[in-house]
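S.K.: Could you work out the structure for the sequence below:
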Amino acid sequence: MKLKAIILISIALFFTSSSVQNDTYSLPVDPIADLYSYMAQPISENGEDKLAMFSYNENALLIYDLETQEIERKIKYDHQGPKALNNMKIYGGLSYINADSIIYFDSQINRVYLSDNEGNVYKRLIADGGNVGFGSMGIGQSLAYRKGHLYTQTWPVTIGANEMKDRENYPNHFGKISLKDGSVKKLLLDFPPEYKGKDYPQMLKSANIIYNPKIDKFIINFPLSHSIYVTDFKGNTKTYLAQSKLVSHNEELSTNKGKVGASRLDDYTTWLSDQYEKLIFDPISGYYFRIARKGISERAYNARDFATEKEVIVLDENFNQVKTLKHHGGSLLYYFFKGDQIFWNKDMRIHNVEAGNEDVIYFDQVKFK
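M.R.: Numbers count the residues shown, from 1 in each chain. As a prediction, this is how the structure comes out:
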């Protein structure tokens, strides 16, 4: 938990392109809500585009109307009782399916919550993974939903009665979690060749998973692989090159032992490594957006300066690389789409933290077609 807290602070302290539009688009920050939320998702309700953003301070899901640029409503949750929603700040994940099915996941205790848009938590269940747990060491859990099941990456249990023996040789799996009873089916999709024989921290192994219902396939992003993986988890897997020149160097844990304390080793090694940090999907256009970033220097890490060089690789619906967009290098927390434009938050370190602005989030508008 201490490591996750370090990551949370690191990202909080911490896209510019020739296609960026000059128009200023912004969304208000609720006075009680958090400026930084790692549980946000563009959604559609009754044909209207919205942005869902979880507020840890309020224990509520804020729904933004992207046309009026205002908070349309808040879905508030109890802190205690049989319908409570807890533990979202560090371990939470969000998958908004529709107004009747809002899924939350607590990766610390493998608990799944199902809610409606009135804040009624009508189901709580524990994902029974046996000797595996779920989720990412990073902030914000990557979840995909398909036909009554939740899909997320699994990890060997390292302590306790369910400790996995010989876990060093355990290949990568994803868990298919039943939202009916919490039962789990392990789905094999091993790490890419780039990982073989390497001593990487878990954060550099943490995959990003997306489901595209139009092709009935899952698209998976591994931080250190130049390719993305497209699979149905039934033995049919294809790889598509989605490479950036920014990603050419990565660090191993063994290289950095002795440079920093054990509690910071994973975090340090991750920040100094080039990587593909996120994969985004626009269900309307069918386009994919892969964010690549350079690792920072040791000096920058010690100064807690986490901004770096980034770019966004654009793939069309057939996974052809069609464009590369420059990015401002700060954190990418909030995004949504309008036609042939992607909107992402401006550098919040500059426009919010350094400017003393906790009231408004500003967005870049970037054409991707």
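S.K.: what's across from the spatially closest residue to Arg293 that is not a sequence neighbour in the sheet?
M.R.: Sequence neighbours aside, Lys310 is the residue nearest to Arg293 in space, at 4.4 Å (criterion: CB to CB, 6 or more residues apart in numbering). Every C-beta, even on glycine, is put in place using the N, C-alpha and C of the backbone. Per DSSP bridges, residues listed as beta-bridge partners of Lys310: Arg293, His327.
S.K.: If you count neighbours, what's buried in stretch 48-56?
M.R.: 49-56 (16 or more other CB atoms under 10 Å).
S.K.: Stretch 92-106 now?
M.R.: Buried residues in stretch 92-106, counting neighbours by 16+ other CB under 10 Å, are found at 92-96, 101-106.
S.K.: I would like the residues contacting that stretch, please.
M.R.: 38-41, 43, 45, 52, 54, 61, 75, 85-88, 91, 107, 111-117, 134-135, 140-145, 150, 152, 179 (CB atoms under 8 Å, 6 or more residues apart in numbering).
S.K.: ok, then the element right after the helix-or-strand element of the chain with minimal mean pLDDT?
M.R.: The helix or strand of the chain with the lowest confidence, counting by mean pLDDT, DSSP states H and E, is helix 2-13 at a mean of 46. Next helix or strand after helix 2-13 toward the C-terminus (DSSP states H and E): strand 25-28.
S.K.: what helices or strands is that following strand leaning on?
M.R.: Contacts defined by 3 or more CB pairs under 8 Å, 6 or more residues apart in numbering; DSSP states H and E place strand 25-28 against strand 360-367.
S.K.: Centre of the chain to the strand it packs on, how far?
M.R.: Remark: strand 360-367 is offset 19 Å from the chain centroid, using CA atoms, centre = their mean, to the nearest Å.
S.K.: same deal with stretch 213-233?
M.R.: On CA atoms, centre = their mean, the centre of stretch 213-233 falls 15 Å from that of its chain.
S.K.: cool, stretch 83-93 as well?
M.R.: In terms of CA atoms, centre = their mean, the centre of stretch 83-93 is found 15 Å from the chain centre.
S.K.: Next, the distance between the ends of it.
M.R.: Stretch 83-93 has an end-to-end distance of 17 Å (CA to CA, to the nearest Å).
S.K.: got the buried residues for it?
M.R.: 85-86, 88-93.
S.K.: likewise stretch 334-352?
M.R.: Result for stretch 334-352 [16+ other CB under 10 Å]: buried residues 334-337, 341-349, 351-352.
S.K.: May I have that stretch as PDB, with CA atoms only?
M.R.: Backbone C-alpha positions of stretch 334-352 (Å, rounded to 0.1, in the frame of the first residue of the first chain) are rendered in PDB as follows:
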ATOM      1  CA  TYR A 334      -9.500  12.500 -18.700                       C
ATOM      2  CA  TYR A 335     -10.400  12.000 -22.300                       C
ATOM      3  CA  PHE A 336     -13.400  11.700 -24.600                       C
ATOM      4  CA  PHE A 337     -14.200  11.900 -28.300                       C
ATOM      5  CA  LYS A 338     -16.300  14.100 -30.600                       C
ATOM      6  CA  GLY A 339     -16.300  13.200 -34.200                       C
ATOM      7  CA  ASP A 340     -12.800  13.100 -35.500                       C
ATOM      8  CA  GLN A 341     -11.300  14.700 -32.400                       C
ATOM      9  CA  ILE A 342     -10.000  13.400 -29.200                       C
ATOM     10  CA  PHE A 343     -10.100  15.700 -26.200                       C
ATOM     11  CA  TRP A 344      -7.600  15.100 -23.400                       C
ATOM     12  CA  ASN A 345      -6.700  17.100 -20.300                       C
ATOM     13  CA  LYS A 346      -4.000  19.700 -20.600                       C
ATOM     14  CA  ASP A 347      -0.900  19.400 -18.500                       C
ATOM     15  CA  MET A 348      -2.400  19.600 -15.000                       C
ATOM     16  CA  ARG A 349       0.900  20.300 -13.300                       C
ATOM     17  CA  ILE A 350       1.000  23.600 -15.300                       C
ATOM     18  CA  HIS A 351      -2.600  24.500 -15.600                       C
ATOM     19  CA  ASN A 352      -3.800  23.400 -12.200                       C
END
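S.K.: Perfect, I'm done here.
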